[in-house]
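Q: turn this into a model:
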Amino acid sequence: MSYLVATDGSTEGDKAVRYAARQAVAFYETLEIAHVLTPDSELVDGTIILPGEEAAVEAGQGILENARRIAEEAVGDEPIDIETQLLTGRPANSITEYAREQPVAAIYVGHRGLSEERERVVGSVAKSVVDKADVPVTVIR
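A: All right, here's what the predicted structure looks like:
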C-alpha cells in the first residue's frame with residue numbers, strides 16, 4: 001500500500017506533501033507524489049500529449065522534484081520510499097482514478113490550489129477528491 005499526495009506546487013500543496021511524508025514514514029508506507037497536467041492534456045500510449053507539451057511536462061516534473069525534496073526534508077534522517085506520478089486530466093478525477101487503480105491506502109491534498117479562480121471556489125479540487133475517493137482523504141490547511 002502507499003499514501004498518495006497530490007500537489008500543484010502551491011504553498012498548500014507543499015504543506016500536504018510535508019504532512020503526507022511524515023505519515024508515510026510513521027506507518028512504513030511508500031509516498032506517491034502526484035501532479036496533474038490540466039485540462040487539455042491527455043496520456044496516449046504512456047506519452048503525455050498537450051499544447052506546449054514539452055514545457056508543460058518539464059514544469060510538471062519540476063513540481064514533482066521540488067515536492068520530493070520537500071518530503072525528504074520533512075522526514076529528516078528517516079528513510080522514506082518516494083515515487084512520483086505525472087497524471088493528466090481534471091485534477092480530482094485523475095487523482096481518484098489513480099487511487100482506485102493502485103494500492104493506495106489514503107489520499108492527502110492541500111486545501112486550495114494556485115489559481116485565483118480556485119481561490120474563489122474554496123477547495124474545489126479538495127472537495128471533489130473527498131466526494132469521489134474510495135479511500136480516506138485528508139485535506140491539509
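Q: mind saving the C-alpha coords of stretch 59-70 as PDB?
A: Written as PDB, here are the backbone C-alpha positions of stretch 59-70 (Å, rounded to 0.1, in the frame of the first residue of the first chain):
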ATOM      1  CA  ALA A  59       7.200  22.200 -15.400                       C
ATOM      2  CA  GLY A  60       5.200  19.200 -14.000                       C
ATOM      3  CA  GLN A  61       8.400  17.300 -13.500                       C
ATOM      4  CA  GLY A  62       9.900  20.300 -11.700                       C
ATOM      5  CA  ILE A  63       7.000  20.400  -9.400                       C
ATOM      6  CA  LEU A  64       7.400  16.700  -8.600                       C
ATOM      7  CA  GLU A  65      11.100  17.000  -8.000                       C
ATOM      8  CA  ASN A  66      10.600  20.000  -5.700                       C
ATOM      9  CA  ALA A  67       7.900  18.000  -3.800                       C
ATOM     10  CA  ARG A  68      10.300  15.100  -3.500                       C
ATOM     11  CA  ARG A  69      12.800  17.400  -1.800                       C
ATOM     12  CA  ILE A  70      10.200  18.900   0.500                       C
END
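Q: mind checking which helix or strand of the chain has the lowest mean pLDDT?
A: helix 116-120 (a mean of 49; mean pLDDT, DSSP states H and E).
Q: could you pull up phi and psi at the closest residue to residue 11 other than its chain neighbours?
A: Leaving out its chain neighbours, the residue that sits closest to residue 11 by CB to CB, 6 or more residues apart in numbering is residue 110, at 7.9 Å. (Glycine included, C-beta is placed from N, CA and C.) With angles defined as degrees, to the nearest 10, residue 110 shows backbone torsions of phi -80, psi 160.
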